[in-house]
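**Student:** Below are the sequence and a predicted model for it; my questions follow.
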Amino acid sequence: MDRLTVVDEIFLRTHRGMGTPIALQGLWRTTDAMEPALLQAIHDHLRRGRLGRRVVNPRVPGARRAWQPNAGAHALDLLPNATGTSEADWPTTPISPDDGDDLTSRSVGPLAENAILPWADTLGTDLDPEYTPGWRLSAARLDDGGTVVAVTCSHALADARGLIHAITVALGAADSTHTAPAAEQGPPHGGKRLRTTPSDWADARTQWTTIVSGTAQALRRGIPRPPATSTPDTSADRAVHSTLLTFDADHWDATAAAADGTANSLFIHLTANILWHIGFTDPTIIASLPVDTRDEPRVDNDLAMTEIAIWRTDSPATIRDKAKAAYQRRMSSPASLPEEILQVIPDRWAYTLSKGAGERDILCSNIGTLPEAVRKVGPHNCTRVAARAIHPDITTFPRTRLAGYLSHLGDTYTLALVSLAADNDALLDAIDRSCAAVGLHPHYW
């Protein structure tokens with residue numbers, strides 16, 4: 001059993017209506033049918049891995065919530081609704097996005113290609129690691145004979161790289177030709193066995209010591225000023241629209257180099273210009289940039305946030321310099337107080353202090369290079385792999401208008417875009433115009 005971090009608890013509170021609901025998702029596509037028995041084996045390994053955790057509350061005031069292993073899981077979710085283990089168990093009545101409720105009832109299929117994302121967008125419900133299993137494995141047959149697989153988890157359990165690591169371990173363990181190291185076959189882990197957690201009394205003592213000493217230091221610098229927060233938007237004209245794009249990696253890198261930028265700065269530049277082409281009127285866009293802080297692969301939220309301001313005159317070269325400087329700093333704790341204070345006060349107060357933390361006009365999450373192991377699911381070669389976030393059952397909207405998630409695998413960059421402002425036609429038009437302006441040629445997933 002180990003303890004939740006401040007970031008874990010920020011995402012846990014979103015399940016209580018305090019913050020933007022968010023789940024992370026990995027998607028795989030193959031050109032052939034995948035056996036339900038293989039998917040069940042992957043499900044079993046995920047269930048016994050680091051995603052198989054639940055939140056338990058402390059018994060001592062000031063102690064942090066803790067993670068406890070949890071072998072319970074949502075059942076393997078197959079569309080069409082198959083219960084057997086052979087290819088014959090997959091029904092063959094096709095569905096499209098126009099079928100509406102059928103996408104959530106999972107009663108018919110297979111999916112048309114343009115129904116993949118509408119289906120995947122529905123998979124983030126009931127993922128609360130305190131009261132229900134926090135993850136789900138889903139798969140659907142495609143009308144072209146292929147398969148799409150989705151692993152979706154609460155952001156309280158892991159960030160994008162943490163989810164990818166959990167999946168990589170499960171894929172390796174499910175592969176009959178692979179012998180997993182003993183540490184990866186045991187109890188839930190994150191590249192290592194769970195740490196032994198001090199008692200609630202010891203943890204509370206450590207927390208209060210940090211908070212008291214940190215608050216005293218803050219007071220010596222003057223009375224802390226309340227942090228700036230953003231107000232959730234309940235506008236009826238906002239909705240979520242998602243798309244997935246792939247780019248030739250060599251061409252992407254060459255385009256970035258020709259502009260004296262990097263693959264990352266080209267990504268940030270492109271995302272900002274898509275928002276402007278959607279119709280964002282401010283001359284400056286503030287970009288939120290997640291920073292991976294882990295020193296080894298593990299399944300958790302090991303990230304910090306920084307930000308940069310982007311002007312219309314910025315290029316991939318100037319954004320490269322801004323991002324390089326920004327990665328050396330982090331967004332500060334609430335009112336310059338120790339961040340641990342968010343874990344000892346009531347959730348509603350903690351939400352008020354941290355409301356809108358990390359939310360800016362755009363989010364640019366560079367997930368980085370994915371491990372080669374995710375190219376295959378058992379004997380099946382994956383033609384497309386993507387990682388992204390979704391926003392299940394969202395009713396109030398954050399400051400963020402557009403989020404981008406970039407990953408690299410082999411000869412392909414994959415860009416997942418989630419618009420929280422524009423209609424779908426406006427998003428697609430903005431993508432085409434922005435890509436054309438820098439000479440990129442996207443292929444829709």
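**Tutor:** Great, that's in hand.

**Student:** wait, doesn't Ile164 sit right on Val374?
**Tutor:** Yes. Contact criterion Cβ atoms under 8 Å: Ile164 and Val374 qualify, at 6.9 Å. Backbone N, C-alpha and C define where each C-beta goes, glycine included.

**Student:** Between the two, which contacts overlap?
**Tutor:** Gly26 (Cβ atoms under 8 Å, 6 or more residues apart in numbering).

**Student:** Compare these two (neighbour count), which wins?
**Tutor:** Using other Cβ atoms under 10 Å as the criterion, Ile164 and Val374 rank with Ile164 on top: 25 against 18.

**Student:** report the longest strand in the protein, please.
**Tutor:** strand 380-390 (DSSP state E).

**Student:** For that one, output the C-alpha coordinates as CSV.
**Tutor:** The C-alpha trace of strand 380-390 is given here as CSV (Å, rounded to 0.1, in the frame of the first residue of the first chain):
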residue,chain,number,x,y,z
HIS,A,380,-1.3,-9.2,-34.2
ASN,A,381,0.6,-6.3,-35.7
CYS,A,382,-0.8,-2.9,-34.9
THR,A,383,-1.1,-0.5,-37.8
ARG,A,384,-2.0,2.5,-35.6
VAL,A,385,-1.4,3.3,-31.9
ALA,A,386,-2.7,6.4,-30.1
ALA,A,387,-2.7,7.9,-26.6
ARG,A,388,-5.1,10.6,-25.6
ALA,A,389,-7.5,12.0,-22.9
ILE,A,390,-11.3,12.0,-23.0
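
**Student:** Show me what counts as buried in that strand.
**Tutor:** Neighbour-count burial for strand 380-390, counted by 16 or more other Cβ atoms under 10 Å, picks out 380, 382, 384-390.

**Student:** Given the helix or strand just after it, what are its sheet partners and their directions?
**Tutor:** With elements assigned by DSSP states H and E, the helix or strand that comes after strand 380-390 is strand 402-409. Using DSSP bridges, the strands paired with strand 402-409 in its sheet are strand 362-369 (parallel), strand 412-419 (antiparallel).

**Student:** Need these in a markdown table (columns: mean neighbour count and distance to Ser242).
**Tutor:** Below are these laid out as a markdown table (neighbours: other Cβ atoms under 10 Å; distance: least, Cβ to Cβ, whole Å):
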| stretch | mean neighbour count | distance to Ser242 |
| --- | --- | --- |
| strand 362-369 | 21 | 14 |
| strand 412-419 | 23 | 5 |
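
**Student:** Let's have these in JSON lines, adding distance to Leu27 and mean pLDDT.
**Tutor:** JSON lines is the format used below for these (distance: least, Cβ to Cβ, whole Å; pLDDT from 0 to 100):
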{"stretch": "strand 362-369", "distance to Leu27": "13", "mean pLDDT": "96"}
{"stretch": "strand 412-419", "distance to Leu27": "9", "mean pLDDT": "97"}
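
**Student:** would CSV of those strands with distance to Thr206 be doable?
**Tutor:** Formatted as CSV, the strands paired with strand 402-409 follow (distance: least, Cβ to Cβ, whole Å):
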stretch, distance to Thr206
strand 362-369, 31
strand 412-419, 38
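
**Student:** Of those strands, which is nearest Asp237?
**Tutor:** For the strands paired with strand 402-409, the distance to Asp237 is smallest for strand 412-419, at 12.6 Å, taking Cβ to Cβ.

**Student:** contact partners of that closest one?
**Tutor:** Here strand 412-419 makes contact (Cβ under 8 Å, 6+ apart) with 240-249, 252, 263, 267, 270-271, 274, 278, 384-391, 401-408, 427, 431, 442, 445.

**Student:** One more pass at 6 Å, please.
**Tutor:** 241-247, 249, 252, 386, 388, 402-407, 427 (Cβ atoms under 6 Å, 6 or more residues apart in numbering).

**Student:** Equivalent analysis for stretch 204-216, please.
**Tutor:** 60, 62-63, 337-338, 340-341.

**Student:** Could you check it and say which residues are buried?
**Tutor:** Within stretch 204-216, the residues that count as buried by 16+ other Cβ under 10 Å are 204, 206-207, 211, 214-215.

**Student:** got it, and stretch 26-43?
**Tutor:** Using 16+ other Cβ under 10 Å as the test for burial, stretch 26-43 gives 26-30, 33-36, 38-43.

**Student:** Going by distance to Gly145, which of those wins?
**Tutor:** Ala33 (6.5 Å).

**Student:** Can you point out the helix or strand that includes the closest one?
**Tutor:** Per DSSP H and E, there is no helix or strand for Ala33.

**Student:** show me where the protein has helices.
**Tutor:** Under the criterion DSSP state H, the chain contains helices at 6-13, 36-48, 102-105, 116-120, 160-174, 182-185, 200-220, 249-258, 263-278, 316-326, 347-354, 424-438.

**Student:** If you average pLDDT over each of those, which is lowest?
**Tutor:** Mean pLDDT values for these show the minimum at helix 182-185, a mean of 38.

**Student:** quick one on the thing from earlier: dump the buried residues of stretch 204-216 into CSV; add distance to Leu78 as well.
**Tutor:** Putting the buried residues of stretch 204-216 into CSV (distance: Cβ to Cβ, whole Å) gives the following:
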residue, distance to Leu78
Ala204, 45
Thr206, 45
Gln207, 44
Ile211, 48
Gly214, 50
Thr215, 52
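
**Student:** out of the residues you listed, who's nearest Ala287?
**Tutor:** For the buried residues of stretch 204-216, the nearest to Ala287 is Gly214 (29.0 Å; Cβ to Cβ).

**Student:** so what's Ala403 closest to, chain neighbours aside?
**Tutor:** The spatially closest residue to Ala403, leaving aside those adjacent along the chain, is Leu363, at 4.1 Å (Cβ to Cβ, 6 or more residues apart in numbering).

**Student:** Just list the residues touching that neighbour, thanks.
**Tutor:** Leu363 neighbours (Cβ under 6 Å, 6+ apart): 288, 400, 403.

**Student:** hmm, 8 Å instead?
**Tutor:** Contacts of Leu363 (Cβ under 8 Å, 6+ apart): 287-288, 290, 400, 402-404.

**Student:** what's the first-to-last distance across stretch 50-62?
**Tutor:** 25 Å (Cα to Cα, to the nearest Å).

**Student:** mind checking how far that stretch is from the chain centre?
**Tutor:** Between the centre of stretch 50-62 and the centre of its chain there are 22 Å (Cα atoms, centre = their mean, to the nearest Å).
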